[in-house]
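K.L.:
sequence isn't available, so here's the structure alone:
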């Protein structure tokens with residue numbers, strides 16, 4: 001699949017999808033509390049997405065059994081919601097969600113802390129979000145893809161954090177995952193030249209320990225190899241003639 005350049009009509013539909021997803025994340029954040037199960041988080045998220053007339057991107061995608069990926073503490077991504085997994089004060093909870101609106105996808109992730117949380121957790125969540133914004137400083141037409149990738153990885157490493165290498169961001173549009181892959185580390189090659197109309201899901205996955213991850217027996221949940229905390233922050237962005245536009249973050 002080649003990297004697609006979106007038309008004005010397609011960009012508008014992706015803006016609408018992104019706004020709905022941004023609202024979904026805002027509502028999910030308000031609903032999160034200690035004592036609820038990750039199953040409940042998923043149920044609420046699914047209902048919110050459908051209330052806007054969208055379909056969840058993730059449900060049954062390659063067999064994934066839920067609408068919201070709920071990953072807790074050492075879980076990096078793709079945590080499967082469960083009635084048995086109860087959120088507790090101090091938990092680091094990453095919520096990854098996608099919506100389909102009139103045939104177009106938007107994909108975004110946020111990491112929250114239940115209750116007060118440790119200083120370690122707060123620092124990790126903060127730096128992970130900052131990695132995204134550091135990366136998109138370079139999401140400018142005429143730059144190369146690796147300018148984004150390198151900036152994200154360097155920012156995290158300079159602050160002593162691990163950068164997950166086995167999972168990457170991606171292009172997005174009529175498919176949830178399109179070309180190109182968008183790593184969160186220096187690819188050692190320039191990558192494609194960025195052009196207006198490209199839409200990318202940029203998603204730093206950062207750990208408080210080492211880079212390495214393992215897959216659990218459910219074939220979905222990815223955890224840190226050293227059991228360290230992990231955080232995830234993602235938005236769908238549009239390359240423009242000027243500054244990049246973040247499609248899945250509301251302009252308040």
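P.N.:
Ah, there it is. Just so it is clear, the model here is predicted, and its values are computed rather than measured.
K.L.:
list the buried residues of the longest helix anywhere in the chain.
P.N.:
The longest helix of the chain (DSSP state H) is helix 8-31. Going by neighbour count (16 or more other CB atoms under 10 Å), the buried part of helix 8-31 is 10-11, 13-25, 28. Glycine gets a C-beta too; all of them are placed from N, C-alpha and C.
K.L.:
ranges for the helices of the stretch 51-200 of the chain?
P.N.:
Assigned by DSSP state H, counting those that start in this stretch, the helices in the stretch 51-200 of the chain fall at 119-136, 145-158.
K.L.:
next, work out how far apart residue 230 and residue 67 are.
P.N.:
Residue 230 is 21 Å from residue 67, where distance means CB to CB, to the nearest Å.
K.L.:
mind listing the strands for the stretch 151-252 of the chain?
P.N.:
162-163, 169-171, 178-182, 199-202, 205-207, 213-215, 222-224, 230-232, 235-238, 245-246 (DSSP state E, counting those that start in this stretch).
K.L.:
which one of the ones you listed lies nearest to residue 119?
P.N.:
strand 230-232 (14.0 Å; CB to CB).
K.L.:
tell me the contacts of residue 72?
P.N.:
When contacts are counted by CB atoms under 8 Å, 6 or more residues apart in numbering, residue 72 touches 38, 79, 85, 87, 91, 92, 93, 94.
K.L.:
now the residues you listed as TSV including pLDDT and distance to residue 177?
P.N.:
Formatted as TSV, the contacts of residue 72 follow (pLDDT from 0 to 100; distance: CB to CB, whole Å):
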residue	pLDDT	distance to residue 177
38	98	24
79	98	19
85	98	26
87	98	28
91	98	28
92	98	25
93	99	24
94	99	18
